[in-house]
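Asker: pasting the structure only:
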């Protein structure tokens, strides 16, 4: 079964091992596999240094994965028949919150999600986009979410991308930072977050498994205001969560979620002061192995 690769820009094929049932030449004739063992150094170097875009490798075998991609093209509202079949978005109970809505005349499709403008509880400050149901489990294998996002300001804000155990109709912050510690509203959730309530304001990998918060991994990377960033979160079937920012791994945490718990993908924005924060989402892609 195909395994998704991290979203680094390219991968080097030096020492690549291929599992094949049969090798053929350009004319379709079978190759004597035994002869590969006696290749000269020059012949064996054909693939040395070859690089490919890993996005293409990830998608070579589409039958091995269930993939849900949303590019927010056209008029995008959850109350429309199409998006309502796949997504749930809910504004918090504060002042001025808004769920995901179309950015008018945006290239390729974008939505904005708006936090509150007054400072209250997590349920009041936050607004979320999640899946419409709990159709994802870490122990299925290959579970990942990727989103291209930007936020208008990087002060007094929380943004997060990951998976949680609650659909957006219950507004919460699945995982968040309190000084140097990870905290959670969810019982089971994981993701990559940026939270200015943290001691260090950097992209952070974390999770909560059956109510137990992990020790987070704090990177040295931070978002730039009003600038797109690609966030990717992967989890192994054993519960190891790895975060990526623009294709660069920012670390992993073990036991990041209860692997048998049914989850939904989420994207969240929340204000950490009395000022609204606006998150723009260009696309979101979610995938897991078929079972």
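Answerer: Everything's here; your move. The structure displayed is predicted, hence computed values, not measured ones.
Asker: Distance of residue 198 relative to residue 180?
Answerer: 7 Å (Cβ to Cβ, to the nearest Å). C-beta: built from backbone N, CA, C; applies to glycine.
Asker: Who has more neighbours out of those two?
Answerer: Each of residue 198 and residue 180 has its neighbours counted (other Cβ atoms under 10 Å); residue 198 has more, 21 against 11.
Asker: which residues touch the more buried one?
Answerer: Counting by Cβ atoms under 8 Å, 6 or more residues apart in numbering, residue 198 touches 177, 178, 179, 180, 204, 218.
Asker: What of residue 139?
Answerer: Per Cβ under 8 Å, 6+ apart, neighbours of residue 139: 237, 259, 260.
Asker: Give me the neighbour count for residue 256.
Answerer: By other Cβ under 10 Å, 30 other residues sit near residue 256.
Asker: Could you list the low-pLDDT ranges of this structure?
Answerer: For the chain, applying pLDDT under 70 flags the ranges 1-62.
Asker: ok, now with 90
Answerer: Counting by pLDDT under 90, the ranges of the chain that qualify are 1-64, 74-75, 77-85, 291.
Asker: quick one, helices of it?
Answerer: Assignment of helices within the chain using DSSP state H yields the ranges 41-44, 54-58, 81-84, 122-125.
Asker: Find the nearest non-adjacent residue to residue 251, please.
Answerer: residue 217 (3.6 Å; Cβ to Cβ, 6 or more residues apart in numbering).
Asker: do residue 138 as well
Answerer: Spatial nearest neighbour of residue 138, excluding adjacent residues (Cβ to Cβ, 6+ apart): residue 259 at 4.0 Å.
Asker: Spit out the contact partners of that neighbour.
Answerer: 137, 138, 139, 235, 237, 238, 239.
Asker: what's the spacing between residue 135 and residue 208?
Answerer: 20 Å.
Asker: which of these two has more neighbours?
Answerer: Set residue 135 next to residue 208 and count neighbours by other Cβ under 10 Å: residue 208 wins out with 25 against 16.
Asker: Touching, the residue nearest to residue 251 and residue 254? I think so.
Answerer: No: Residue 217 lies out of contact with residue 254 (Cβ atoms under 8 Å); the separation is 10.3 Å.
Asker: Looking at these two, which is more packed in?
Answerer: More crowded of residue 217 and residue 254, by other Cβ under 10 Å: residue 217, with 19 against 13.
Asker: who's in contact with the more buried one?
Answerer: With Cβ under 8 Å, 6+ apart, residue 217 has these contacts: 204, 205, 206, 243, 250, 251, 252, 253.
Asker: which residues does it form a beta bridge with?
Answerer: residue 205 (DSSP bridges).
Asker: for residue 253, same thing?
Answerer: residue 241.
Asker: mind checking how far it is from residue 234?
Answerer: Residue 253 is 12 Å from residue 234, by Cβ to Cβ.
Asker: Repeat that for residue 221.
Answerer: Distance check for residue 221 against residue 234: by Cβ to Cβ, it reads 17 Å.
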